[in-house]
Structure formats: structure tokens, C-alpha cells
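quick one, what's the 3D model for this:
(2 chains)
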Amino acid sequence: MSLLATSTLQDPDFINVCYIVAFTLFILGIRQLTHPRTARRGNIVAAVGMAIAVAATLLQEQVGDYGLIALWAVIGTAVGIPAARAVKMTAMPQMVALFNGVGGGAVALISFVEYREYLDHGGNPALETLIPILFAAIIGSISFWGSNIAFGKLQELIPGRPIQLPGQQVLNIALALVAVGCAIAIAAGSESELLFIALLASAALLGNMVVLPIGGADMPVVISLLNALTGLSAAAAGMVLDNTALIVGGMIVGASGTILTNLMANAMNRSIMNIVVGGFGGVPLAAAGDGSDEDRPVQSTSAADVAIQLSYAEKVVVVPGYGMAVAQAQHAVRELANELEKQGIEVAYAIHPVAGRMPGHMNVLLAEADVPYDQLKEMDEINPEFQTTDVSLVIGANDVTNPAARANESSPIYGMPILDVDKSEAVIVLKRSMNPGFAGIENELYYDPKTSMLFGDAKESISEVLSEVKAL
Amino acid sequence: MDLVTELAVLVLAAFVGFEVISKVPNTLHTPLMSATNAIHGIVVLGGLVTIGAATGFLNEFLVGIAIAFGTINVVGGFLVTDRMLEMFKKKPAKPKPDGDADGEEKQGP
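Next up, the predicted model:
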């Protein structure tokens, strides 16, 4: 390949072997990530693979400008490490969105520069290079802007509720057509940087427009989808640059993200298309609460009453949601559960697949509070048990407990599998106020005669209940 | 590598990804998403091989930003995943909290 490759270290074969080692480590790492006990090691194994891939790449003789590389890498590290260190467990989802976004941004920038270089050196490259460049540019740009919007929504810089413009879907289709049209024009022979910029810009707008109308409850699915897209665009960039590590690494992420996205969409009984195209299926949200709800009585309760209810129960199921995460109540919850168990009461945690804002979000938080795995029960496992449950303690979970998903066909969440808390003997809901949840939908559960509401900060409420239980 | 070989690698990688990942329990979905997110930070390699060939200030600058972005993706991604997984580690088996368990050997007449 080159006349200059004198040393073995710069031998392309040697570098490619390093790449093979690297992606083998990625695969082994991901496999270890599938078991709680080996998961942490798996992450480290994958990181070692990455270090090997980077080191091998730096050996290539066409890499120059080590000073420049060091400068930019130091800037990236200086941003990345403090951000990853400082982020709170509750803010993990938006952090993942942000890290995903910069990955997509890197892909878009690289493909733009590659195209500019080809134009400077004799015009459009062969189609087998040009098509991946165009693909990487479109997808990278969508991923960058979409992830930033997802971040903004979860960080509540932008309202979390679905924002819908009139003619949104027509606009989206038009933007997609513009992006693809530019790509086709370039592929057909137009050598124009402007056209490429138009392609990047329309893809960027599309990324914004697709994610903006999506409500917070669907955000995990969207982040997962964007993660998969970034992986695919990285694989395309790998084809442009003839880089095996990029092709394999990117494609594995593309495959994983697709599976995760599908799993999560299935858990909500909706198709990915439905989520991406329709906001909340296009149902106007104002119609969701049908007005009559406001006059209905809600039963509110006190910490002392809750303590009594819990103490006389035989079986208590805790249903955590995003509210628990926000209030950082997981440790208090664990203490309360321990106290109840000490009194011989059976305690389990019901984990809805999309509780919180990411799949497994609740598991992460409860693991942080040292809750044993065997107490965490998934939806299918716990749902039959609600019939024999005395008290369901709903802590800041909303949409995932809304019976409207089962019964009310006009509800935007109709058809989503929920936790059947309303089947238990009594329900206690810990909530800050009567405001509807992130998806902006009224919850029928709160008006159920079996339900009593304990208003206030979840952490304080739980601590009060705990001291009352101890005092009994 | 020629196009056909690259496509073959691409397709096989997709299947490996599906196979390896479809076995992850729900519990680990967030860390998995975060870890795979860090892995696609491998685009930083694209920046590394492009910057040497990049001509002109604008191109070098844009690739530089790409390298910084890729680095954020990789370093931040793996670190944040490690922080999540740190909490999954098994606790050392604690002795029973009740006091009479220790000092047993001293008991006796």
C-alpha cells in the first residue's frame, strides 16, 4: 500500500490484526455485559479494545499532525471526563443522548471533510465510496441534532410534552425528500459543495423536527433508535475510509440499538414507526383528559395512615417511577422495605420496562440503593401477583400504572402494557401534586376508591412513613 | 478491501451484534445502551486517519472537532457506563448484624 511502510508496526496487516483483536474484545465485552456479575468487566474489556484500536490507528503512516490530534483529544477528554463524573444517576439518559449526539456529529463532520477533499482532488469519488459518504452525512446529521433535542427535552430545557406543528408530517417527508434528493443529485454526478451542505442542513432540520413532537415517555425509544443510527453511520464511515474496526464496531452498535429499540417499543405495544411519525399517535392530547376528571374526588392520606396500612399488610409491592428518581428516594425506599421485611412482610419491586426514562433505569437506581436482584420483578412476572397483594406503593410512577391503557380506547396510551396495580387490595400513590405525568395524560388510577394519595416530596414522605412504621 | 468483502463483513457483524445482544436481561439495558454508545465512539478513528490528509484550515478544523467529539463519546461513554455498573457489583457477604455472632470462640465455661 505504501513505499514508506518500513517498520513492522506500520505494516497494514499488523494494524488490521490489531483491529481484529479490538472488535473481538468489543464482542466479548458486550457478551459479559449480559450478566450483572461480569458486566463491569465487560465494559472494561470493550474499553481496552477501543484503546487498542486507537493505538493501532495512530501507528498508520498516513496519520500526521500528532500535535493537532493531541490538542483535540485533550479538549475532548477535558469535556468528557468531568461530564461523565459529575452526572447524577437520574440524569443518565440525557447524558447518553448527548454522548450519542457528538458521535453522530463526528460522523457527519468526517464525511463532509472527506467529500471536500475529494472535490479538491479531482471531483466525486467512485459510487462505492460516494454512497457511504452521503449515507453517513445524512444519518450522522440526523443523529446529532435529534440527540441534542432529546437531551434538551430530558434536561427540561425544552418542554417535555409533545410539540406538534400543523402539517408536521408533510414537512418531515419534504425534508427527507430534500436530503435524499441532494444525495441523488450528487450521486448522479453533480459536484457541488453547496448541495452537500443543503443535504446536511435538511437532515439536521429533519432530526430536530422528528424528535420535537415526541413526548418524554417515548424518549427512551428515540434515544435507543438514535444510538442505532449513529452506529450505522459509523459503519458507513468505515466503508468510506476502508477501516475494518469502524465497520464492525459501528455495525454491532447498529444491531444492538435496533434490538433495544424494538424491545422497548414492544413493551409499549407500539411500533417504532408509530412513535417516530406520530408524536403520540397523532392524538390531540387535550382530548385525553375528558374534562369530567377535574371534579372527581381524590382521597388523600397521611404518613401515619400509610404506616398503619403497610404494617398490617402481608405483601407489599413497590412500584417505582421517574418521581422516585427525581426525589432521590431510592435509599429511603430500601430502608422502608428492610424495616417492613423485618416485620415479616413480603416486599417486591415491580419494574415496568419503560419506567423512568430508559429501559433498566429503575434497576440502576435500585441497585445503587443495594436492593437485591431477586426482589426486582419484571412486569410479566409481577402482574399476576397483584391480585394477592395487600398494598401497592406507587412512588412517582404514573403512565405505567394508568388503567386507561387497558380500557379507554380513546386514550393515547391505549394498548400499552401496564402494571396492574389497581388489582391489588389497596393502592397508595406518592406524588408531588395532581399534575399529569410526563406524557401529559390523566391517570384514572388516582380516582379509584381503593387509591389514596400521599402528596409531597417522595423522599421526605417515605422517611416520614419509615419513622411512623418504626414507632408503631 | 474491495466492496464485496466490506459488505460481507458488514452483514456478518450485524448478525454477531444481534446474537450477542439479544441475550441481555432488562436489568442491564441502560448500561448496555451506554456501553454500545461508547463503542460507536470508534468514529474517532475516522478523525485520526483523516486529519493527516486534510488540507486547508477549515478541513483541519472540522476534523479536529470530529476528533474532540469522538473522544467525548468514547471517554465519557465508557466512564459513565462504569459508574452505572459499579453499583451492580456484588456486595461482600456481610456477617449477621446481630452482635452475638462475633466473639463466639471466647465463649465457654
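
pretty sure A:Lys423 is in contact with A:Phe386, am I right?
Yes: shown here, A:Lys423 and A:Phe386 form a contact pair, counting by Cβ atoms under 8 Å, at 4.3 Å. C-beta coordinates here come from the backbone N, C-alpha and C atoms, glycine included.

between those two, who's got more neighbours?
Taking neighbours as other Cβ atoms under 10 Å in any protein chain shown, A:Lys423 and A:Phe386 compare with A:Phe386 leading, 20 against 17.

so for the more buried one, what's the pLDDT?
The per-residue pLDDT reported for A:Phe386 equals 90.

isn't it up against A:Asp420?
Yes: checked against Cβ under 8 Å, the pair A:Phe386 and A:Asp420 is within contact range at 4.7 Å.

helix, strand or coil for A:Tyr349?
Here A:Tyr349 is strand, with the state taken from DSSP: H, G, I helix; E, B strand; the rest coil.

list the buried residues for stretch A:115-122?
Buried residues in stretch A:115-122, counting neighbours by 16 or more other Cβ atoms under 10 Å in any protein chain shown, are found at A:Tyr115, A:Arg116, A:Glu117, A:Tyr118.

A:Pro417 - that's part of a strand, no?
No: counting by three-state DSSP, one finds A:Pro417 to be coil, located in no strand.

can you count the residues close to it?
Counted with other Cβ under 10 Å, the neighbours of A:Pro417 add up to 18.

now do A:Glu346
With neighbours defined by other Cβ under 10 Å, the count for A:Glu346 comes to 16.

nearest residue to it in space, ignoring adjacent ones along the chain?
Of all residues beyond its chain neighbours, the one nearest A:Glu346 is A:Lys315 (4.5 Å), with distances taken as Cβ to Cβ, 6 or more residues apart in numbering or on different chains.

what about the one you found, how many residues nearby?
Number of residues near A:Lys315 (other Cβ under 10 Å) recorded here: 17.

could you restrict the buried residues of stretch A:115-122 to the ones contacting chain B?
Near chain B, taking Cβ under 8 Å from any Cβ of the partner chain as the test, the members of those found are A:Arg116, A:Glu117.

mind listing which of the buried residues of stretch A:115-122 are in strands?
Within these, no residue falls in strands by DSSP state E.

residues in contact with the residue nearest in space to the middle of chain B?
Closest residue to the average C-alpha location of chain B: B:Ala35 at 3.0 Å, with Cα atoms, centre = their mean. Each residue near B:Ala35 by Cβ atoms under 8 Å, 6 or more residues apart in numbering or on different chains is listed here: A:Gly29, A:Ile30, A:Leu33, A:Gly42, A:Asn43, A:Ala46, B:Gly77, B:Phe78, B:Thr81.

highest neighbour count among the residues you listed?
Ranked by neighbour count (other Cβ under 10 Å), these have B:Thr81 at the top, with 32 neighbours.

give me the mean pLDDT for whichever helix or strand that one is part of.
B:Thr81 is part of helix B:77-86 when elements are defined by DSSP states H and E. On average, the pLDDT along helix B:77-86 is 89.

buried residues in that helix?
Residues B:Gly77, B:Phe78, B:Leu79, B:Val80, B:Thr81, B:Asp82, B:Arg83, B:Met84, B:Leu85 are the ones in helix B:77-86 that count as buried (16+ other Cβ under 10 Å).

now do the residue nearest to A:Gly323 when sequence neighbours are not counted against A:His361, distance only.
The spatial neighbour of A:Gly323 that comes closest, neighbours along the chain excluded (Cβ to Cβ, 6+ apart), is A:Gly396 at 1.5 Å. Distance of A:Gly396 to A:His361, given as Cβ to Cβ, to the nearest Å: 12 Å.

quickly list what's touching both of those two.
Looking at what touches both A:Gly396 and A:His361 (by Cβ under 8 Å, 6+ apart), the common residues are A:Tyr322, A:Ala325.

quick one, the helix or strand hosting A:Ala106 and helix B:77-86 angle?
Secondary structure assigned from DSSP H and E places A:Ala106 in helix A:92-120. Using axes from the mean of the first three to the mean of the last three Cα atoms, to 10 degrees, one finds that helix A:92-120 and helix B:77-86 are set 160 degrees apart in direction.
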